[in-house]
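Novice: model the structure of this input:
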Amino acid sequence: MVSLVVLDMAGTTVQDGGLVERAFTAAIGEQGVHPGDPAYDAMLAHVRATMGESKISVFRHLLGGDEAAARAGNAAFERAYADLVDEGHCAPIEGAAEVIGALREAGIKVALTTGFSRDTADRILAALGWKDIADLTLVPAEAGRGRPFPDLVLAAVLRLDIEDVRAVATAGDTTYDVLCGLRAGAGIAAGVLTGAHDEAALREAGATHVLASVRDLPAAIGR
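Specialist: This is a model prediction of the structure:
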């Protein structure tokens, strides 16, 4: 029996619609790298491959370990993404709110996790009217490390007093979401096809299930 469901936000329960890439383009532009520059395509490819990872970790890699530059890039990314949210470019995945509500009504706890900062996560939740939609929301800074490390899932297990990690189901749209769930020992680590990565990538990462959408998760866990 599943006691806890840990769900990613952007691409899984919240539509991405290219917002991450748009915010990245704005942020890296502040570092002097623009579309058409020799480094841009390689940087964008890394961003796409590491969707789901803590954004500060992505910028540390992109900017050669220069901590000051990484923090500046990450801050610019967060500002750009927040501006897009504030402009109304934020919507739920169809059926996501209903799934979360049904799970909680069935006595299953739900945690929402993200690679964004707390400020950005809160902006998204406020924009959607989701402040109280889940039992818990977590960002990497509150858990220890971001994906693909298991910390976000394990922090949810501890904070929500779950007795057995095998009673956890996770769902996300990236390979890092899948790896995070598997490394935490979750009984179900599902991939969904509404975001960054395709079925082949999710299966290669070890997804126990690949679902068209989070709407299919209740059936996958027997609810």
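Novice: this protein: helices as residue ranges?
Specialist: Listed in chain order, the helices of the chain (DSSP state H) span 19-30, 40-49, 55-62, 67-86, 96-105, 118-128, 140-143, 151-159, 175-184, 199-204, 217-220.
Novice: dump those into TSV; add distance to Val210 as well.
Specialist: Using the backbone N, CA and C atoms, a C-beta is placed for each residue, glycine as well. Formatted as TSV, the helices of the chain follow (distance: least, C-beta to C-beta, whole Å):
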stretch	distance to Val210
helix 19-30	21
helix 40-49	18
helix 55-62	24
helix 67-86	27
helix 96-105	17
helix 118-128	25
helix 140-143	25
helix 151-159	19
helix 175-184	9
helix 199-204	5
helix 217-220	10
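Novice: and these, which is most packed in?
Specialist: Most buried of the helices of the chain, by mean neighbour count (mean count of other C-beta atoms under 10 Å): helix 175-184, with a mean of 25.
Novice: just to revisit the earlier point, for Ala169, which of the helices of the chain is the nearest?
Specialist: Ala169 lies closest to helix 217-220 among these, at 7.2 Å (C-beta to C-beta).
Novice: pLDDT (mean, whole number) over that closest one?
Specialist: Averaged over helix 217-220, pLDDT sits at 94.
Novice: residues contacting it, please?
Specialist: The contact list for helix 217-220, computed with C-beta atoms under 8 Å, 6 or more residues apart in numbering, reads 5, 99, 102-103, 169, 171, 188, 190, 192, 209, 211.
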